[in-house]
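Engineer: below: sequence and its predicted model.
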Amino acid sequence: MSAATMTPTVVRSSLEVMLDTIMLRDEQPKDLPPALPVRPTSRGRLPTSRRSLAVNLKLDRSASEELLTDSIKWDDKTEYDMPRGDKGAVFRSGILQSKRMAKVELPLEPPYIKITKRDSYEEKVEVTDNPASAAVRLPSAMFLDDKLEWRDTIKYALKKNLQVWCWISNARWELGQIHTISKDYVDIMLSNGNVHSVSRESILPANPHILDGVDNLIQLSYLNEPAVLHNIKYRYANDFIYTKAGPVLVAVNPFKEVPLYRRDCVIAYKQKLKDSPHIFAIADTAFNEMMRDGVNQSIIISGESGAGKTETTKFAMQYLADVGGGGSIEDEVLQTNSILEAFGNAKTSRNDNSSRFGKLIEIHFSAAGKICGAKIQTFLLEKSRVVQRETGERSYHVFYQLCAGASCGLKEELNLKAAYKYEYLKQSDCLTIDNVDDAKRFHVLMEALDVIKISKEDQKNVFSMLAAVLWLGNITFSVIDNENHVEVILGEGVTNAAKLMGCGVPNLMLSLSTHKIQAGNDSIVQKLTLQQAIDTRDALAKSIYCNLFDWLVGQINKSLGVGKCCTGRSISILDIFGFESFNNNGFEQFCINYANEQLQQHFNRHLFKLEQEAGSKFLGTAEYAQDGIDWAKVEFLDNTDCLNLLEKKPLGVIALLDEESTFPKATDMTFANKLKQHLAGNHCFKGERGGAFRISHYAGEVLYDSSGFLEKNRDTLHTDLVQLLLSCACQLPQSFANNTLQPEKESSRFRQSSSFDLQKQSIVTKFKGQLFKLMQQLESTTPHFIRCIKPNSKQLPSMYEHDLVLQQLRCCGVLEVVRISRSGYPTRMTHQLFAERYGFLLLQISSSQDALSLSVAILQQFNVPPEMYRVGYTKLFFRTGQAISFSLSLNIYPFCINRFLQGIVWVQKSFRGLQARNFYQQLRKGATTLQSFIRGEKARCEFEVLTRRWRFAILIQKHVRQWIVGTRFSYHLKDIILLQSAIRGWLARKNFINLKMHEMAKLNHVEVDKSSERNLPQLMKDTTSELPQIHPAVMDELHRRALRAEAALRKKEEENAILQQRLKHYDTRWSEYELKMKSMEQTWQKQLTSLQSTLAAARKSLTSDMANRPGQLNMSAVNNCYDSEDTISTVNQTPEDTPAKQSIDAEEVRSNDSKEIAVIHLVNEFKHQRQEFEDDAGFIVEAKSGQSNSKINPDEELQKLKARFSTWKKVYKLRLRETKASLQKFGNPEEKTSKKWWSIRSIR
């Protein structure tokens, strides 16, 4: 369509369009529905899931044409020129950008991504017969799709330099700021400071930081894949593992303990104190809706292995048990988890506690909301895990718990050994799980069995069957002929297995090595080959364990049976295996993925189809139709084609599998060829080389290997094994055999194998029937969906893998839910309310205008973007997250704001002032009253404290003053007594002197004049009168002197005491010095004595040698010599000990003279040095004792003397040794052979 054709339509005003609409409505027949009211913009296209235009951005004709042209060019490039390996194209045309997504081949992506092919834009345009609606629709709007809107948003982001998400080379999204903009590329500055240049198609707008961590993904302004991943990661990093995505709860496995399940959390959600996303909130909603509406509820928990489905189920049951508590049955309901986990969960390569079966727990409530019973249904237990599994995985937990935690008595009774001794357990090289105590878990299992009221006898039988399965794995075979036929080796395995099952050992050996074939009336015994015997043994073990599991679930249901108080109200919790895609996918993965396809269809039907066809509270399509909004149906990814491929008759995969299983000679290869033959034209099926084939599931494409499909689907159990179980003495094997036998037996004339009569219905057909019943049950309930997400493949806390999380969000449909949730107009407002609220903003208001005209005028005057709203008959419909007040606040003229806001501010100011004054007066009055009471009480308390302190002060003062007065009195009394003693002493001494003089006078004058005797009284009187009179001032001076004298006396006494102490100290040191000197003298004396004895011996020896020689010197003057520090032991030898020589020549005489001279010098030097040392020592002793007036330091002199003595001693010692050597050198030959006095020394 050209621009010229668009011009007349665009320039028309809304009023003209409205008049035309009314005119056309009047011309129409009465039975036709009324025409749609005027709308300023297009209404014919699907609303997008993200905000596309800024609220103040206008789209005129030229801009619309330019954007349209760019959009069509980009779409053409995307449709035809996109490389097949460009992963960025997946995100650029991703699941959130348009109604139909481009299909891109990604061979390197995991099989979780599935994106449908984009349809052409022309197919999206709906043709209407309503001329009024055609008139008001802009022609350019017919071609504005989601991609155009996306480009508008990016242009706005580029213009404002906002934060954006960019797809960088290492295949991940990064948040950055727009740095510079070129023609085709944009430079983005990342958070780490690096700048990356990317194309405009590789960036997406980012949400503001205020929206980080919102608890509902619908609240995001920009809803794209990186924004969703960032929001979930932000919450996950802060331990907020639950996030809402519309009606779906997304739960991320934290792989650690989080404080979200305590008792206070349960109470908070029960009392509606919290409304944040939580499993408790989902359970509480289901319970309240059940009690309010009387409709059964269901909680559907799904996700891949390791996402936390089992734990989420337990938390949901915990909350329901708490809400519906009040009896004893809720404990039994909770204890079923321990039993089902032990018998149905195992360690896999992806999860340490993976549920290898599906279960539906149906909890029944009474009319009062109390739990009155429960029922458990199980689906497709993985029997093959009992006998074989991948390396690094484990069998079911109960086997390891039994081996580790069984009591000694139970082990002896069951002949149990350690887990590594059983072939079924040790083949995968994994016997334990980190941080899991199997023995402790076994005790928990025993307690749970007691709570469920399973008798001890039944528990013993259960453990016997488990031990029998383990011992069956230890049964071995030996080849007996060239045809590879075998027989059972009689050993510990077959003996213990037969004992625990209650059958005979020969019967068990025969059943495992032969098969009976009925041919007419005759029975033919056929020997089995080695592989057939192993398969038969494994089939028996799998059959026993599977029947044991079903029997145990039946016993639990009997214990939890619903009583008479059942009202039909129930909440069902479905915990079923998630979508699986491994390197090698077999029959089990096929069944699991088929179940997930059924659940996904239920999910789609409930959230997508019903929301559009029947109308609901979610999208409100019924309300759109009533208000004249021409709403286009939302398109979504549907899996109907895949389900038809799997279950459609007669050419579905399941039908072909059942058909091929009925043929005895069919093989897995014939089954694969039949699939390729009949399903080659189906776009969801693709045949591969060999026996492999691909199926395009909703979650992705999976490659299956047909090996083992037929055998596992048949699940045959031969008659010999059934008869063996019937012959067992234990009741459990007999009941297992009865369950295996069909109630009706078909007889035929020729039977090649009776095993096919025992298993008429295949495994996949039975499972299909179970799923059909399950879907029927879920359809009758109100579902609540929980999608569990596994954040990383290493099962580590605080680790977030973006690609893995994105794959799971896609495959479980969470992103589709959010996109469709955002596609509607949930904010609605009537024309009357809108006009009353915002009509005053118009510059010109006519009283004749109705509410519809006012609403349209307001929207047009302030240029509200047309894609943000729709105009209905009675209401205005606005987009999610686009508050009308926000849009208006960006476009209202400044003078309008000032005109109305001034009045509003004045009213608010006056009212708030009055309110504040009243509040202040009341607060002041209350504060004054409170202060008066507080201050009165405080004053009374302080007065009481002061009174007590005053009383105590008076008492203390009394005692202190009494002590002061007493002390002063005692001092004065002492002073008076001292003064009296001094005066009395003075008087006494004076009288004594007078008396002494009188006596001397008597001695000098013998005769006394008699007249003196007569005048004696007068003389005494005169003498008395002559005594001096003491003045009081003199007395005070005397008293002060006496005090000073006493003080001086005390000071002298203290100094005397100090001097005495010093004297004692000096005495002590002097005594120590005396002892040291004495010890030194004794030492010196000993040394001198030793040297003297040595010299005496030498002198005696020399004297004896020289006695008979002429000219010999006398050696009598030689004194003793000594070696100071060497203790010398001498052995004296006399001349008698050595024969005398008869002749001595002259040379010998001269040598002897030199010897004597050397000895004499040594003796003289010794005497001289000895005298000097003795004199110096004596001088030091005199100086030490104080007898000498010398000012030398005795200690230093003593040290010097010691050093000098040591030096001389060493020199003298050396010279003495040289002399001894010379004497020995010139001695007689006979004397050289004998011991001399100097040859024996003891050196200390």
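Structural biologist: Everything's here; your move. Fair warning: this is a prediction, and the values are worked out from it, not measured in the lab. Numbers count the residues shown, from 1 in each chain.

Engineer: now stretch 317-333: mean pLDDT?
Structural biologist: Predicted confidence along stretch 317-333 averages 85 (mean pLDDT).

Engineer: do the same with stretch 499-513
Structural biologist: Summarised as a single mean, pLDDT over stretch 499-513 is 92.

Engineer: can you give me the end-to-end span of it?
Structural biologist: As for stretch 499-513, its first-to-last residue distance stands at 18 Å under the measure Cα to Cα, to the nearest Å.

Engineer: give the buried residues for that stretch.
Structural biologist: Burial within stretch 499-513, assessed by neighbour count using 16 or more other Cβ atoms under 10 Å, is assigned to Lys499, Leu500, Met501, Gly502, Cys503, Asn507, Leu508, Met509, Leu510, Ser511, Leu512, Ser513. All C-beta atoms are positioned from the backbone trio N, CA, C, and that covers glycine.

Engineer: make JSON lines from those residues and add distance to Val817 and secondary structure to it.
Structural biologist: Shown next, in JSON lines, are these (distance: Cβ to Cβ, whole Å; DSSP: H, G, I helix; E, B strand; the rest coil):
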{"residue": "Lys499", "distance to Val817": "57", "secondary structure": "helix"}
{"residue": "Leu500", "distance to Val817": "52", "secondary structure": "helix"}
{"residue": "Met501", "distance to Val817": "52", "secondary structure": "helix"}
{"residue": "Gly502", "distance to Val817": "55", "secondary structure": "coil"}
{"residue": "Cys503", "distance to Val817": "56", "secondary structure": "coil"}
{"residue": "Asn507", "distance to Val817": "59", "secondary structure": "helix"}
{"residue": "Leu508", "distance to Val817": "56", "secondary structure": "helix"}
{"residue": "Met509", "distance to Val817": "59", "secondary structure": "helix"}
{"residue": "Leu510", "distance to Val817": "59", "secondary structure": "helix"}
{"residue": "Ser511", "distance to Val817": "54", "secondary structure": "helix"}
{"residue": "Leu512", "distance to Val817": "53", "secondary structure": "helix"}
{"residue": "Ser513", "distance to Val817": "57", "secondary structure": "helix"}
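
Engineer: reformat the residues you listed as CSV; add distance to Leu425.
Structural biologist: Formatted as CSV, the entries for those read as follows, by distance: Cβ to Cβ, whole Å:
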residue, distance to Leu425
Lys499, 20
Leu500, 16
Met501, 19
Gly502, 23
Cys503, 23
Asn507, 26
Leu508, 21
Met509, 23
Leu510, 27
Ser511, 23
Leu512, 20
Ser513, 24
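
Engineer: and the helix or strand harbouring Lys1209, what does it pack onto?
Structural biologist: Element membership for Lys1209 (DSSP states H and E) is helix 1194-1225. Contact here means 3 or more Cβ pairs under 8 Å, 6 or more residues apart in numbering; DSSP states H and E; on that basis helix 1194-1225 packs against helix 1146-1185.

Engineer: so which elements touch the helix it packs on?
Structural biologist: With contacts taken as 3+ Cβ pairs under 8 Å, 6+ apart, helix 1146-1185 sits against helix 1032-1106, helix 1194-1225.

Engineer: of the ones you listed, which is nearest Ala916?
Structural biologist: If you check each of those against Ala916 by Cβ to Cβ, helix 1032-1106 wins as the nearest, at 79.8 Å.

Engineer: next, the angle from the closest one to helix 1146-1185.
Structural biologist: Put simply, helix 1032-1106 runs at 170 degrees to helix 1146-1185, going by axes from the mean of the first three to the mean of the last three Cα atoms, to 10 degrees.

Engineer: which helices and strands does helix 1032-1106 pack with?
Structural biologist: helix 894-1004, helix 1146-1185.

Engineer: just the mean pLDDT for the last one, thanks.
Structural biologist: What that stands for is helix 1146-1185. For helix 1146-1185, the per-residue pLDDT values average out at 72.

Engineer: do the longest one as well
Structural biologist: Helix 894-1004 comes out with an average pLDDT of 88.

Engineer: equivalent analysis for stretch 1083-1092, please.
Structural biologist: For stretch 1083-1092, mean pLDDT rounds to 78.

Engineer: what does stretch 860-877 give?
Structural biologist: Stretch 860-877 carries an average pLDDT of 80.

Engineer: return the most buried member of the helices and strands packed on helix 1032-1106.
Structural biologist: Ranked by average neighbour count under the criterion mean count of other Cβ atoms under 10 Å, the helices and strands packed on helix 1032-1106 are headed by helix 1146-1185 at a mean of 15.

Engineer: ramachandran coordinates for Gly690?
Structural biologist: Dihedral angles phi and psi of Gly690 (degrees, to the nearest 10) take the values phi 70, psi -140.

Engineer: hmm, Ala672 and it touching each other?
Structural biologist: Yes. Taking Cβ atoms under 8 Å as the contact criterion, Gly690 and Ala672 are neighbours in contact, 7.4 Å apart.

Engineer: still on that earlier bit, columns distance to Asp715 and mean neighbour count on top of the helices and strands packed on helix 1146-1185, output as JSON lines?
Structural biologist: Output for the helices and strands packed on helix 1146-1185, formatted as JSON lines (distance: least, Cβ to Cβ, whole Å; neighbours: other Cβ atoms under 10 Å):
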{"stretch": "helix 1032-1106", "distance to Asp715": "110", "mean neighbour count": "13"}
{"stretch": "helix 1194-1225", "distance to Asp715": "110", "mean neighbour count": "14"}
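
Engineer: of all those, which one is nearest Leu679?
Structural biologist: Between Leu679 and the helices and strands packed on helix 1146-1185, the shortest separation by Cβ to Cβ is 117.5 Å, and it involves helix 1194-1225.
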